[in-house]
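> have a look; sequence and predicted model below, questions after that.
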Amino acid sequence: MALRAAVRNKSALSALLSQLSPCSSHGRVCVTQRRNNSTSPKIKVDFDQSAGVAVMRLQSPPVNSLSLDFLTELCINLEKLEMDKSCRGLIITSSQPKVFSAGLDIMEMYGKSPESCGEFLRAVQEMWLKLYSSNMITIAAINGSSPAGGCLMSLTCDYRIMADNPRYSIGLNETQLGIVAPFWFKDTMVNTVGHRTTEMALELGLLYNPSEALKISLVDKLVPEDQVLTTATQTMTKWLAIPDHARQITKSMMRKPTIDKLTSNREADIQNLVSFITKDSIQKSLRVYLEMIKKRKG
Amino acid sequence: MALRAAVRNKSALSALLSQLSPCSSHGRVCVTQRRNNSTSPKIKVDFDQSAGVAVMRLQSPPVNSLSLDFLTELCINLEKLEMDKSCRGLIITSSQPKVFSAGLDIMEMYGKSPESCGEFLRAVQEMWLKLYSSNMITIAAINGSSPAGGCLMSLTCDYRIMADNPRYSIGLNETQLGIVAPFWFKDTMVNTVGHRTTEMALELGLLYNPSEALKISLVDKLVPEDQVLTTATQTMTKWLAIPDHARQITKSMMRKPTIDKLTSNREADIQNLVSFITKDSIQKSLRVYLEMIKKRKG
Amino acid sequence: MALRAAVRNKSALSALLSQLSPCSSHGRVCVTQRRNNSTSPKIKVDFDQSAGVAVMRLQSPPVNSLSLDFLTELCINLEKLEMDKSCRGLIITSSQPKVFSAGLDIMEMYGKSPESCGEFLRAVQEMWLKLYSSNMITIAAINGSSPAGGCLMSLTCDYRIMADNPRYSIGLNETQLGIVAPFWFKDTMVNTVGHRTTEMALELGLLYNPSEALKISLVDKLVPEDQVLTTATQTMTKWLAIPDHARQITKSMMRKPTIDKLTSNREADIQNLVSFITKDSIQKSLRVYLEMIKKRKG
């Protein structure tokens, strides 16, 4: 097929992606690509062709915030791997100390126009859609704290291994900041830990330490910090033993209803989130939060 | 707004409520109100304005049965608190010894006309709708047994603290009486303890002692009997730390699909329940049950 | 009613069943019946009229594979018991050593025409529909391994008691064979152990030993092997104490949405499964699997 042929041609790929990626509708991909040429990439992918497994390292200092640039780069990388039939598994981990990902970049939602907010939220949706519906085996090697959007990213994976460090935490803590997790964040968590645990966790914006997270099955396994990646690799071997087509159809059967809820409501969801986030009261909440962070650092 | 202004005017409130409350469609509220003027109130509300927390004490001897009068009074009180923006949290507890609430008053369904049964069941629906969709933080301080409708009332709350007394029990035990829990009782329990536990609990009409209830997460915490209310107050403080608007939207996101199932089917549900409960065989079951209770007392 | 009258007349029954049973649409029931006259029955039913409980023993050597003949005989027996109002409870167990049921008979799906595959899969659906919607109290006395379709059969029951023998296993392991569990297998497991556990179990085709199965609530109780049937009988007594009509309506309330998903999509589901199973790649997977089994035996 023309598509496959084009993908094999590396220089053709970026052109293809700029057409395919929904993030590119405003020419964003090209801008980012150009920008990235002059800055360090925020994501590093090592693909072990013989094993069929890619390791994706999040390396956007200081805390792997999910900015629009970060998300665009992430989506391009995911699309590239997804199209490569030889890539069967993906391990996501962090290169930053102490943090997996701090979640959505608040700066993308503070003092921005509705159009900018919308573009950003569309990119967050895109990340979730790509990860939650991935045909690859996805394993989160959570080697640091993983609040809000960082937790969401982990939840999209097939398996979660977390560093057993009591100073790390994970959870959807949006309400603590005065904001609300979108319904597909909620759905992903319900699918993982059930309705009641999700209800209490989201209402209180709970962050769990690794032991607590394991207890409610928010993560699947705890290991010492220096063994997170090797354990992820070992776990991947077990998953690779299953025939891809059977595993993929099964995964799709489990997740399709949840994915369909967003794909059939993307623009309405964006409008809803934008009108919420651009409210004066919410912008004020974000300012208070940003000032608190600034003070902590100072 | 006119509504808010009216609410501030205490004497205007009851007139307003008699218009708003669905229970009032047959003039029931007024009758009840008049009746209550000559009898003791079945519910006592203490509102601590400075804390923003109300404590609602169920005090209808002997066992806080959910009669039509009780439910009407409960709904009026809930509506009053809900409209008062300064009331952010509600703790529900019992003033009766050994029992939180014995559930629906069987006498309202035994030997009654379909119309009476229907009016009663509409009031039960109304209580559930008001509690399950409350914007307030609701905490059940379960200081006694809580079967059937009493369990339902607890399940609508955001958090459940139960007295650690092995003689107390909690559960939806309707089938033991030969009757069936309505689908929204079932939905509330599924949302709390999951599908499988609910299936077995409802088929067998299981009542759980506090330890068992904690194990299946039917309640969230056990404390010695004399600490139930103080623990509820302490827990409330933690919940009050979360911005109301974010918590409320989150709560609605979690519960709206379940609430919508009833609101879009109220009359059909009532007709269904009435035609079941007025069957000769079911009326006979209720008589057997009532005679058993009478003997126990005798 | 004419139906009831006919049922009381034993000789009329088989004629009636051949009309009622969907398996009979191609005259299959008659063929099977005739065939069974010359072979041993694959299922033995002992009905204790005084207790109102039937024990169904699966006795199709060597491993109670769910062949078309087996399923047809099973459905006829279920229909017979279901119509007999005096039969309130059903215990399903195995007469074969070490195995409850090995699941679907692969031979019915290997090298067969789409029509034959379709007929077989319709019979599997029929078994599931009959068991999952049974008005009887159904208890699985799992006295051996129970993979794939054997696990499904257990999951349809109201209660599962398994022999505590670490050499036995249970689970929906279809993906290990390169095939995929139908959506109603998945739904039944989600209803039993929740979404997340099902997702991982189905993607990896996990088989659980009895202790693991109990831990995730895939089974409800473990007992020594020689006590499986007596425990099932004791458990049945507890369930029989609940009024049938209340338990039946409750069971239907819990399971109807899941059942409706299949009944409104039976033919589409069959077409979907047949087109999958008759693919060259899947037929090859089945051949590899069959050869592996043959070698093991050799």
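Noted; the coordinates are in hand.

> spell out which residues of chain A are next to chain B.
Taking Cβ under 8 Å from any Cβ of the partner chain as the criterion, chain A approaches chain B at residues A:174-181, A:183, A:186, A:194-196, A:198-200, A:202-205, A:281, A:285. (C-beta placed from N, C-alpha, C; glycine too.)

> what separation do you get for the nearest residue in space to residue A:170 that is not next to it in sequence and chain B?
The shortest distance from residue A:170 to any non-neighbouring residue, by Cβ to Cβ, 6 or more residues apart in numbering or on different chains, is to residue A:146 (4.3 Å). Applying Cβ to the nearest Cβ, to the nearest Å, the value for residue A:146 to chain B is 20 Å.

> doesn't residue A:146 lie inside a strand?
Yes - using DSSP: H, G, I helix; E, B strand; the rest coil, the assignment for residue A:146 is a strand.

> buried members of the residues of chain A next to chain B into PyMOL, please.
To isolate the buried ones among the residues of chain A next to chain B in PyMOL, judged by 16 or more other Cβ atoms under 10 Å in any protein chain shown, type:
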select buried, chain A and resi 174+175+176+177+178+179+180+181+183+186+194+195+196+198+199+200+202+203+204+205+285
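
> rewinding a little: what sits against the residue nearest to residue A:170?
Listed by Cβ atoms under 8 Å, 6 or more residues apart in numbering or on different chains, the contact partners of residue A:146 are A:99-101, A:153-154, A:162, A:168-170.

> 10 Å instead?
Contacts of residue A:146 were listed using Cβ atoms under 10 Å, 6 or more residues apart in numbering or on different chains, and they are A:64, A:94, A:99-103, A:140, A:152-155, A:160, A:162, A:168-171, A:207-208, A:213, A:218-219.

> hey, where'd the strands end up in chain A?
Assigned by DSSP state E, chain A shows strands spanning A:43-48, A:53-58, A:65-66, A:89-94, A:103-104, A:137-142, A:146-147, A:159-163, A:170-171, A:221-223.

> how about TSV for the ones you listed, with distance to residue A:273 and mean pLDDT added?
Below are those laid out as TSV (distance: least, Cβ to Cβ, whole Å; pLDDT from 0 to 100):
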stretch	distance to residue A:273	mean pLDDT
strand A:43-48	24	98
strand A:53-58	23	98
strand A:65-66	14	98
strand A:89-94	24	98
strand A:103-104	11	98
strand A:137-142	24	98
strand A:146-147	18	98
strand A:159-163	26	98
strand A:170-171	20	98
strand A:221-223	33	98
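
> which stretches in the stretch 51-200 of chain A count as helices?
Taking DSSP state H, counting those that start in this stretch, the helices of the stretch 51-200 of chain A run over residues A:68-83, A:114-132, A:148-155, A:183-193, A:195-204.

> reformat those helices as a markdown table; add mean pLDDT.
Shown next, in a markdown table, are those (pLDDT from 0 to 100):
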| stretch | mean pLDDT |
| --- | --- |
| helix A:68-83 | 98 |
| helix A:114-132 | 98 |
| helix A:148-155 | 98 |
| helix A:183-193 | 98 |
| helix A:195-204 | 98 |
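
> most neighbours per residue, which of these?
helix A:148-155 (a mean of 27; mean count of other Cβ atoms under 10 Å in any protein chain shown).

> tilt between that helix and strand A:53-58?
If you take axes from the mean of the first three to the mean of the last three Cα atoms, to 10 degrees, helix A:148-155 sits at 170 degrees to strand A:53-58.

> and helix A:148-155, C-alpha only, in CSV?
Taking Å, rounded to 0.1, in the frame of the first residue of the first chain, the C-alpha atoms of helix A:148-155 are listed here in CSV:
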residue,chain,number,x,y,z
ALA,A,148,-2.8,14.6,37.0
GLY,A,149,-2.0,14.2,33.3
GLY,A,150,1.1,12.2,34.3
CYS,A,151,-1.2,9.7,36.0
LEU,A,152,-3.5,9.7,33.0
MET,A,153,-0.6,8.8,30.7
SER,A,154,0.3,5.9,33.0
LEU,A,155,-3.3,4.7,33.1
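
> quick one, that helix and helix A:68-83 angle?
For helix A:148-155 and helix A:68-83, the angle between their directions (the same axes, to 10 degrees) works out to 10 degrees.

> show me how far helix A:148-155 is from its chain's centre.
How far helix A:148-155 lies from its chain's middle: 6 Å, per Cα atoms, centre = their mean, to the nearest Å.

> okay, angle between it and helix A:114-132 too, please.
Going by the same axes, to 10 degrees, helix A:148-155 makes 20 degrees with helix A:114-132.

> I figured residue A:166 hits residue A:145, correct?
No - look at residue A:166 against residue A:145 with Cβ atoms under 10 Å: they stay out of range, at 11.3 Å.

> any common contacting residues for these two?
Residues touching both residue A:166 and residue A:145 (Cβ under 10 Å, 6+ apart) are residue A:209.
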